[in-house]
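Undergrad: Requesting a structural model of the entry that follows:
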Amino acid sequence: MNELPIALIGRELGLREKQVHAALALLEDGKTIPFIARYRKEATGGLDEVALAAVRDRAELIRELDRRRSSILRSLREREVLTEELEKRILEAPTIAVLEDLYLPFRPKRRTRASVARERGLLPLADRIFDQGEIDPGAEAAKFLDPEREVGSVDEALAGARDIIAERISEDPGARSRIRDLFLREGILRSKVSGPLEGEGSKYRDYADCSEILSKAPSHRVMAILRGKKEGFLTLHVEPPQEKATAILELLFLRRRRRRGPASPATDEVRSALEDGYKRLLAPSMERESLSAARERAMERAIGVFAENLRHLLLEPPLGERTVMAIDPGFRTGCKVVILDRSGSLLAKEVIFPHPPPRAVQEAERKILDLCERFGVEFIAVGNGTAGRETEEFLRGLGIPGDVPIVMVDEAGASVYSTSRAAREEFPEEDATIRSAVSIGRRLQDPLAELVKIDPKSIGVGQYQHDVDEKALKRKLDEVVEISVNAVGVDLNTASIELLSRVAGLGPKLARSIVLYREENGPFRTREELKKVPGLGPRAFEQAAGFLRIRGGDDPLDGSAVHPESRGIVEAMAEDLGATVEDLIRDPHLQERIEAERYVTEKAGLPTIRDILAELAKPGRDPRREFELFSFAPGVTKIEDLRPGMSLPGTVTNVAAFGAFVDVGVHQDGLVHKSELADRFVRDPAEVVRVHQKVEVTVLNVDLERKRISLSMRKRLEVADGEARP
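TA: Okay, the predicted model is just below:
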């Protein structure tokens, strides 16, 4: 850590050096981001998870730069081409791009036209021409004729010299830096059709003749065009203003080298080499770099969108401990019905056929009503896949006693869970369809506890997720899951292995050990008992304990987020008030008498004391919103039921850079383009909507052929000529 430029990281991220230093020290000590953010606020000055991740990521980039720097220096030393000046420039290189530019002329490479010319002894000729002195290029070239080296004419000699100069210009660090900036700043992205846009290619029609400044192109458009190229439907190029590129290179290699007075005849040769070097070598290289940079930006944006959507999905409000009937709907194979008790355990299972013929429908009615009565069903969860709306309509027509609420549940990824090892271990005797129904019901009871069992990529809230770097995506999504789990807290006595493994400091191995210990010894009575779990040492306990909850245990503080290391502070507060810890938690009036400043120590500052007081007020509080009921418009179950101008309730299923997808209950999500999200300019859809948000939308247009639905959330709309318009 001492080798890292802490001041630089601080300036880049807008943080104090002390904050950066503390964050890096804690991270290098093995502390997790959730633990540092929650329990080490004094050390870091209150840095949250986002800031801590930014410090970590920037430090990793710097370390990667230093590793590459060391590798390059070692290579140059071994080949004895490292000069003091070159070493100084390499040590001062601020980015990977600059570092690679410096290394490029020395990088081992395949045979090129320039290397062939050097083998033929034409390097001295190239040097004399490149110097643009008072020479006659033809006369100079005649001196290098050598049939044995395949230099049989003046033209061949000059061509070889130009090849050497062209490569030299294309590898010049200054030229590459200037041209790179031009490509990145003003490069125009142009895409063209490379084949018939039919079938799979039809989705690229909007990009058939696209032209825009690459740096300003929206991330989703960049990703779409790159995918179109990869699939062979599009060709694309990046071209900066040609006159500016020429001016830059002439300034670097012609005007500054030319002596006063008339131009040297050699200048024409250099100009010719310059044009060739730019067109054949430098421009293609910069085009690849600029496209790569654009792809990196677009991937970062896509990963960010996915992560934010996932966060909202994981933190959806839970129904809580209610008896639930869950239905995985279907037509041909019927609907799989399960009953889950208040803790999510499977009580009963059934298969019904609630769709014609009539005899099957009557039998389905009888089974549903019987199950509701026998198990005291409080809520019904219906998967939103095939036959979901039809099944919901069937249930609403039954007149179930007690007016049991019916909730449509997003079943994305339920089938992935149903065939996973975790599902097989939990329900070894059940088939995948029953496991899927269980997953749907548990998602209603507690979305976070159930969704952690599924690979985040399978939940379906991403944007071009298959086009981004898989490793970077997984890391970001895993981080979001970990932060979400620790923000909510985990019940130590009921949590699954998958949920426990996401707790700071644990992981799959310790999570499994905790569950095995729980099965063998019964429920944990205190968090201190965790220390008896095989393999769970002091470091893991320190990080995990504060995020684990024991409800109804021997220690009332174990049901809160108060860390065991702060127990002494709470006991001191209680003692000063002449009360017990239990009294302190139970009595708000006692809490109001606590003077936070009195309990500040070197280790526990005011932020920690305030967190403790907040926990005493609401022990183990759940940061998620309250659960609210939602239902789709009755009678609207398929895309053919939609008409322009219709106002419908819906739920946001996905947020992308270009808008939001909304489920209005017709088995096909509609798109609210970002221009239709509000009666104002919207730069980022995430400013206005989030995944699973309940919204009211107006149908703008329905394309039955392509199954596309255009929606609006704007208030000022009117309908004319069969379309709704602003």
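
Undergrad: Contacts only, for the spatially most central residue of the chain.
TA: Per C-alpha atoms, centre = their mean, the C-alpha nearest to the average position across the chain is that of I303, at 2.5 Å. I303 is in contact with V468, A472, L473, K476, counting by C-beta atoms under 8 Å, 6 or more residues apart in numbering. For every residue, glycine as well, the C-beta is placed using N, CA and C.

Undergrad: Could you say which helix or strand holds the third one?
TA: Going back to what we said before, that points to L473. helix 470-488 (DSSP states H and E).

Undergrad: Return the distance of that helix from the chain's centre.
TA: 9 Å (C-alpha atoms, centre = their mean, to the nearest Å).

Undergrad: just the CA coordinates of it, formatted as PDB?
TA: Extracted C-alpha coordinates of helix 470-488, given in PDB (Å, rounded to 0.1, in the frame of the first residue of the first chain):
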ATOM      1  CA  GLU A 470     -18.200 -12.000 -17.800                       C
ATOM      2  CA  LYS A 471     -15.600 -11.700 -15.100                       C
ATOM      3  CA  ALA A 472     -16.300  -8.000 -14.500                       C
ATOM      4  CA  LEU A 473     -20.100  -8.500 -14.600                       C
ATOM      5  CA  LYS A 474     -19.900 -11.400 -12.100                       C
ATOM      6  CA  ARG A 475     -17.700  -9.400  -9.700                       C
ATOM      7  CA  LYS A 476     -20.000  -6.400  -9.800                       C
ATOM      8  CA  LEU A 477     -23.200  -8.400  -9.300                       C
ATOM      9  CA  ASP A 478     -21.700 -10.500  -6.500                       C
ATOM     10  CA  GLU A 479     -20.800  -7.300  -4.800                       C
ATOM     11  CA  VAL A 480     -24.300  -5.900  -5.100                       C
ATOM     12  CA  VAL A 481     -25.700  -9.100  -3.700                       C
ATOM     13  CA  GLU A 482     -23.300  -9.000  -0.800                       C
ATOM     14  CA  ILE A 483     -24.000  -5.400   0.000                       C
ATOM     15  CA  SER A 484     -27.800  -6.000  -0.200                       C
ATOM     16  CA  VAL A 485     -27.700  -9.000   2.100                       C
ATOM     17  CA  ASN A 486     -25.600  -7.300   4.700                       C
ATOM     18  CA  ALA A 487     -27.700  -4.100   4.500                       C
ATOM     19  CA  VAL A 488     -30.800  -6.200   5.500                       C
END
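
Undergrad: neighbouring contacts of stretch 122-137?
TA: 117, 140-141, 143-144, 151, 157-158, 160-162, 164-165, 168, 254, 257-259, 263-270.

Undergrad: who touches the residue nearest to A114 when sequence neighbours are not counted in this structure?
TA: In space, not counting the residues next to it along the chain, A114 is nearest to E167; the distance is 3.7 Å by C-beta to C-beta, 6 or more residues apart in numbering. Shown in contact with E167 (C-beta under 8 Å, 6+ apart): T112, R113, A114, G277, L281.

Undergrad: repeat for E239
TA: Neighbouring residues of E239 by C-beta under 8 Å, 6+ apart: G187, I188, R190, E287.

Undergrad: That one pairs with what?
TA: Residues in a beta bridge with E239, per DSSP bridges, are I188.

Undergrad: Just the buried residues of the contacts of stretch 122-137.
TA: 117, 140-141, 144, 151, 157-158, 160-162, 164-165, 168, 254, 258, 264-267, 269-270 (16 or more other C-beta atoms under 10 Å).

Undergrad: Show only the entries of these found in helices.
TA: Per DSSP state H, helices hold the following members of those: 117, 140-141, 157-158, 160-162, 164-165, 168, 265-267, 269-270.

Undergrad: with those in mind, which one is nearest to T419?
TA: Closest to T419 out of these is R168 (59.1 Å), distances taken as C-beta to C-beta.

Undergrad: that older thread, could you single out the nearest of the contacts of E239 to G645?
TA: Of those, the one sitting nearest to G645 (C-beta to C-beta) turns out to be R190, at 39.0 Å.

Undergrad: residue ranges of the strands in the stretch 451-600 of the chain, please?
TA: In the stretch 451-600 of the chain, the strands defined using DSSP state E, counting those that start in this stretch lie at 490-491, 548-549.

Undergrad: what about G413, how many neighbours?
TA: For G413, the count of nearby residues is 23 (other C-beta atoms under 10 Å).

Undergrad: What values do phi and psi take at it?
TA: phi 90, psi -10 (degrees, to the nearest 10).

Undergrad: what do you get for A678?
TA: phi -160, psi 170.

Undergrad: Just give the nearest non-adjacent residue to it, would you?
TA: Using C-beta to C-beta, 6+ apart, the closest residue to A678 is V688 (5.5 Å).
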